[in-house]
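Peer 1: I'd like to go over a predicted model; first the sequence, then the structure.
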Amino acid sequence: MADTGIFATTAEVQYKAGANASATSKAEAYTNSFIAQAESYINTATRKNWSDVYTSLNVDVKAVLKECASNLAAIYVINYDMSGFTSRIEAEDMVNILYRRAIDSIKILIDQKIETFITGA
């Protein structure tokens, strides 16, 4: 049985990985596995199992989880095979941008004051 995630979609990850990401690393089986790994990382890093309570979450919290998971999974796609990019620097720039936004999302999810604000909105 293939790994699948619930926070992000394959299409979102493939879009963020970019047109130059290899077709092999953007394959649905790999992308789904990368999404599942990203979600496990998010749950562990934030010390909260968002997967178990996902359906009851506010739409804004779901959007933050989607952004974080799709960014992390896109990083995995790019790192898996950088051969399609015009240069390693181009691939690394994309990874750096996605990483920064993923870390910002993790910080938002950890901060209980922000979570309370979003949930109460």
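Peer 2: Yep, it's here.
Peer 1: Just the buried residues of stretch 5-12, please?
Peer 2: 5-10, 12 (16 or more other CB atoms under 10 Å). In this view, the C-beta of every residue, glycine as well, is placed from N, C-alpha and C.
Peer 1: Please work out how many residues are found near A27.
Peer 2: By other CB atoms under 10 Å, 15 other residues sit near A27.
Peer 1: ugh, wrong one, I meant S22
Peer 2: Counted by other CB under 10 Å, the residues lying close to S22 total 17.
Peer 1: Rank the buried residues of stretch 5-12 by pLDDT and give me only the lowest.
Peer 2: In terms of pLDDT, G5 ranks lowest among the buried residues of stretch 5-12, with 83.
Peer 1: With only the CA atoms kept, save the strand or helix carrying A69 in PDB.
Peer 2: For A69, the host element (DSSP states H and E) is helix 59-80. Extracted in PDB, the C-alpha atoms of helix 59-80 (Å, rounded to 0.1, in the frame of the first residue of the first chain):
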ATOM      1  CA  VAL A  59      -9.600  26.300   7.500                       C
ATOM      2  CA  ASP A  60      -6.700  28.600   8.300                       C
ATOM      3  CA  VAL A  61      -4.800  26.000  10.300                       C
ATOM      4  CA  LYS A  62      -5.400  23.500   7.400                       C
ATOM      5  CA  ALA A  63      -3.900  26.100   5.000                       C
ATOM      6  CA  VAL A  64      -0.700  26.500   7.100                       C
ATOM      7  CA  LEU A  65      -0.400  22.700   7.300                       C
ATOM      8  CA  LYS A  66      -0.900  22.400   3.500                       C
ATOM      9  CA  GLU A  67       1.800  25.000   2.900                       C
ATOM     10  CA  CYS A  68       4.300  23.400   5.300                       C
ATOM     11  CA  ALA A  69       3.700  19.900   4.000                       C
ATOM     12  CA  SER A  70       3.800  20.800   0.300                       C
ATOM     13  CA  ASN A  71       7.000  22.900   0.800                       C
ATOM     14  CA  LEU A  72       8.800  20.100   2.600                       C
ATOM     15  CA  ALA A  73       7.600  17.400   0.100                       C
ATOM     16  CA  ALA A  74       8.700  19.700  -2.800                       C
ATOM     17  CA  ILE A  75      12.200  19.900  -1.200                       C
ATOM     18  CA  TYR A  76      12.300  16.100  -1.100                       C
ATOM     19  CA  VAL A  77      11.300  16.000  -4.800                       C
ATOM     20  CA  ILE A  78      14.100  18.500  -5.700                       C
ATOM     21  CA  ASN A  79      16.700  16.800  -3.600                       C
ATOM     22  CA  TYR A  80      15.800  13.400  -5.000                       C
END
